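Chemist: When you get a sec, could you give me coordinates for this:
(one chain, ligands or ions: 2)
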Amino acid sequence: MKSIVWSDHQFLIGNWVLDEQHKSIVTKVNEIVTLWKRGASKRDALQDLEKLRELFSRHFTVEEMMLSDAGSALLDEQREAHGSYCDMANEVILDDNISLEMILIDITEWWTNHILIEDMKFKGIL
Ligand SMILES: [Fe+2]
Ligand SMILES: [Fe+2]
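Modeler: Ligands and ions are numbered 1, 2, ... in the order given. Next up, the predicted model:
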């Protein structure tokens with residue numbers, strides 16, 4: 001499993017607050033990937049996973065506030081996507097049958113898609 005390779009050219013959506021949050025979440029995900037590569041179990045990584053969950057939810061709140069302030073038509077769609085990310089993150093973190101590796105495979109994919117597919121829709125708008 002690979003870390004997420006951040007590239008400004010590819011990932012920046014042009015709002016510095018959101019870009020910084022996106023980047024710090026990538027950093028946190030990559031830290032957990034490193035832990036996993038060093039043999040950490042899900043239990044070992046639990047505090048980091050909790051921290052990640054907190055970063056997700058803080059980021060989504062800020063992003064939704066900005067979309068709402070801008071009167072963006074994308075707000076409902078984004079809110080729904082964010083809600084399902086949070087539900088999935090909660091589920092996989094709490095489910096003992098899902099390994100750290102599986103979680104990281106899901107999270108690296110979700111997070112990359114969150115930025116490159118979902119949030120790119122409002123590049124230049126916020
Ligand atoms: Fe979003
Ligand atoms: Fe975002």
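
Chemist: Now do the nearest residue to V17 once chain neighbours are set aside: how many residues are near it, please.
Modeler: Spatial nearest neighbour of V17, chain neighbours left out: V62 (6.6 Å); criterion: CB to CB, 6 or more residues apart in numbering. In short, each C-beta sits where N, CA and C put it, glycine included. If you count neighbours by other CB atoms under 10 Å, V62 ends up with 14.

Chemist: V62: what's it in contact with?
Modeler: By CB atoms under 8 Å, 6 or more residues apart in numbering, V62 lies in contact with V17, L18, Q21.

Chemist: So which of those residues is the closest to ligand 2?
Modeler: L18 (5.6 Å; CB to the ion).

Chemist: Contacts only, for that closest one.
Modeler: L18 is in contact with H59, V62, E63, M66, D119, L126, counting by CB under 8 Å, 6+ apart.
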